[in-house]
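[1] This is a predicted model, with the sequence first.
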Amino acid sequence: MQAFSGYDDVKVNNYDYERLNLGGHVVKILEVAINKFSNSDGKEFENLELKIDIAEPDEQAGFYQRKFTEDAKADALKAKWKGYFKVSIPKDDSSDTVKSIFKGFITSIEESNPGYKWTWDETTLAGKIFGGVFGIEEFVSNIDGRTIAMTKCRFARGVEKIAEAKIPKVKLADKTLMDYEEYIEKKKNEEKTTENNSSVEESMFDNADVDSLPF
């Protein structure tokens, strides 16, 4: 067998890294920004973009900080924070669904932070906690068109309610939903046609380059 060049310098990837458990977590808002964007028709919208991390007393507190630190050690220039939660900011003519989701988020903040009352000042959200329900969401890569599955904060709840939170349905790239167990079984069947021996649940999530995603 002929040795290839640089063998001694090649890093071994054994997939031995922390993964965020799906379901409920205590989440802390670190920073808040309003993100403005337009759809294909030129209509303008706004999102609340929340930089988040897992908070005490959650057993995975500091998860996103650890991920960022690990990435920065590997390549400081490419390291990016991966914990975000976005909420659409309704307008007067927004649908009842959009308004209900926004009010539900604010209610989860008020329930989770005794004494806090929403005053329509987004800066007051920084430092607050809420219950985040984490699940799988698929995206199509901007770079190569691959479908990527990522663990994301999908819903907000009061922290008192997250202990009973179930893993939500997977949001597929085509915007339809699929039960989590059904999705995993589907992926396992697809994996049988490859030589990848690592389990689906260990290998497919939290590994995407943020630059490849459409947000």
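    Nice, I can see it.
[2] Quick check: bridge partners of the spatially most central residue of the chain?
    Centroid-nearest residue in the chain: residue 152, 2.1 Å away (criterion: Cα atoms, centre = their mean). Judged by DSSP bridges, the bridge partners of residue 152 are residue 135.
[3] Tell me who's in contact with it.
    Shown in contact with residue 152 (Cβ atoms under 8 Å, 6 or more residues apart in numbering): 85, 134, 135, 136, 137. C-betas here are computed from N, CA, C, even on glycine.
[4] Go ahead and confirm residue 57 touches residue 129.
    No: Residue 57 is beyond contact range of residue 129, at 10.6 Å (criterion: Cβ atoms under 8 Å).
[5] Looking at those two, which one has more neighbours?
    residue 129 (20 against 7; other Cβ atoms under 10 Å).
[6] distance of the more buried one from residue 110?
    Counting by Cβ to Cβ, to the nearest Å, the gap from residue 129 to residue 110 is 11 Å.
[7] pull the helix or strand with minimum mean pLDDT from this protein.
    Every helix and strand in the chain was compared by mean pLDDT, DSSP states H and E; the lowest is helix 200-203, with a mean of 48.
[8] Need the contact partners of the one helix or strand residue 47 maps to.
    With secondary structure defined by DSSP states H and E, residue 47 is part of strand 44-54. Applying Cβ under 8 Å, 6+ apart, the external contacts of strand 44-54 come out as 20, 25-39, 60-65, 81, 83-89, 105, 122, 125, 132, 153.
[9] Sketch out the low-pLDDT regions of the chain for me.
    Low-confidence segments of the chain (pLDDT under 70): 10-16, 193-215.
[10] switch the cut-off to 90
    Along the chain, the model assigns pLDDT under 90 to residues 1-18, 37-44, 141-145, 163-164, 187, 189-215.
[11] that older thread, so what's in contact with residue 57 and residue 129 at the same time?
    By Cβ under 8 Å, 6+ apart, the residues touching both residue 57 and residue 129 are residue 26.
[12] Determine how far the strand ranked longest in the chain lies from the middle of the whole chain.
    For the chain, the strand reaching the highest residue count under DSSP state E is reported as strand 23-38. A distance of 10 Å separates the centroid of the chain from that of strand 23-38, by Cα atoms, centre = their mean, to the nearest Å.
[13] Offset the numbering so it begins at 38, please.
    Understood, numbering begins at 38; the last thing we discussed is strand 60-75.
[14] hang on, the earlier thing: distance to residue 82 and neighbour count for the contacts of residue 189 - can I get that in TSV?
    What follows is the contacts of residue 189, written out as TSV (distance: Cβ to Cβ, whole Å; neighbours: other Cβ atoms under 10 Å):
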residue	distance to residue 82	neighbour count
122	17	21
171	24	23
172	23	22
173	25	24
174	19	18
